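J.: show me how the following folds:
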Amino acid sequence: MKKTVLILSLFIAGASVLTVQAQKEWTFDKAPFEATTYSQTTTLDGLTVYATEGKTVVIDENNKRNGEYAFTHRLKFGGSGTIADSENAPFLPSERAISFPVTGPTTVKIAALSSSSSTDRTLVMSDGITSLHTFAAPGSYSEGTDNVPLETYQYTGGAGTLYIWSPSSGVNLYMVATSTTTGISKVTIDGVSFNGREIVNENQVRLEVYNILGNKVAESTSNISMVEQGRGIYFVKAANSKVVLKINR
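T.: Numbers count the residues shown, from 1 in each chain. A predicted model of the protein is given here:
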């Protein structure tokens, strides 16, 4: 408790608050994703794919574009998502779906097409309890540079898990991207910043990282990866300095 109070006091005394964007993007074209058939629920790079032997999810090669994006792979739901308990949990899919964690308000981008060239379909996004948004998955599209529509939704809720699935037959998903506004202290430690995945230590000063309980979780004179740390608030302190960098992973 004493360590926690000390760290929080240093933060309040030495830093003001600004915001940065922590971004994540899944396009299914690089490891740990691969062109294969998933027949069991699998988590890859923070994205969970819900599949079973009877209702598989497939990743295969397929070239499409949207402006700056050149997609080479797609995730094929292959049919509608399964709701295990449609009466008590109508927005909690268990098969042919994906999910990913969020820490708070998040911008979600989806690029998808119907698996039928003649039928427009949709993707539903929920927080597991309520339906939040419906993304378009058209059947017809232009062969130009923007032949996969890119749709954006602003999630305004708190930390949790977001689920995406098709309510009616097959949809092909080309990209899921998230951008989360996170709180971070004003960078008064020269050359030290947080990009959402690691603490960048350009000047190779000695840095110490503490969790909200005041426990030291990392120490280094080089960049510090935060990927293996749990979600939450962390404090970064440079040696011989009272300034503390607050990050929200």
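J.: from here on, just use CA atoms for contacts and neighbour counts.
T.: Noted.
J.: do a quick rundown of the helices in this structure.
T.: Counting by DSSP state H, the chain has helices at residues 2-14.
J.: where does pLDDT dip in it?
T.: 1-22, 142-146, 181-188, 242 (pLDDT under 70).
J.: quickly list the domain ranges of it.
T.: Split into domains by automatic domain parsing, the chain comes to 2-16+186-248, 24-180.
J.: got these as JSON lines, with mean neighbour count columns?
T.: Output for those, formatted as JSON lines (neighbours: other Cα atoms under 10 Å):
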{"stretch": "domain 2-16+186-248", "mean neighbour count": "17"}
{"stretch": "domain 24-180", "mean neighbour count": "18"}
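J.: wait, what's in contact with Ser99?
T.: Ser99 makes contacts with 47-49, 161-164, as judged by Cα atoms under 8 Å, 6 or more residues apart in numbering.
J.: kindly apply the preceding question to Ser220 instead.
T.: Counted by Cα under 8 Å, 6+ apart, Ser220 has contacts 206-208.
J.: test my guess that Thr52 contacts Ser39.
T.: Yes: using Cα atoms under 8 Å, Thr52 is in contact with Ser39, at 4.4 Å.
J.: sitting in strands, which of the contacts of Ser220 do you find?
T.: 207-208 (DSSP state E).
J.: can you redo the contacts of Ser220 as a markdown table with distance to Ser115?
T.: Converted to a markdown table, these look like this (distance: Cα to Cα, whole Å):
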| residue | distance to Ser115 |
| --- | --- |
| Arg206 | 52 |
| Leu207 | 50 |
| Glu208 | 50 |
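J.: show me which of the contacts of Ser220 is closest to Asp127.
T.: Distance to Asp127 across those (Cα to Cα) is lowest for Glu208, with 34.9 Å.
J.: identify the residue spatially nearest to that closest one, adjacent ones excluded.
T.: Leaving aside its sequence neighbours, Glu208 sits nearest to Glu219 (Cα to Cα, 6 or more residues apart in numbering; 4.5 Å).
J.: wait, the one you found touches Arg206, no?
T.: Yes: Glu219 lies in contact with Arg206 (Cα under 8 Å); the separation is 7.1 Å.
J.: return the residues in contact with Tyr174.
T.: 27-28, 71, 73-75, 110-112.
J.: now these in a markdown table, with distance to Val171?
T.: Shown next, in a markdown table, are these (distance: Cα to Cα, whole Å):
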| residue | distance to Val171 |
| --- | --- |
| Thr27 | 15 |
| Phe28 | 15 |
| Phe71 | 16 |
| His73 | 14 |
| Arg74 | 10 |
| Leu75 | 8 |
| Ile110 | 12 |
| Ala111 | 11 |
| Ala112 | 7 |
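J.: tell me the one of these nearest Thr156?
T.: Ile110 (16.7 Å).
J.: with adjacent residues omitted, what lies nearest to the closest one?
T.: Closest to Ile110 by Cα to Cα, 6+ apart is Val176, at 4.9 Å.
J.: so who does the one you found touch?
T.: By Cα under 8 Å, 6+ apart, the neighbours of Val176 are 25-27, 108-111.
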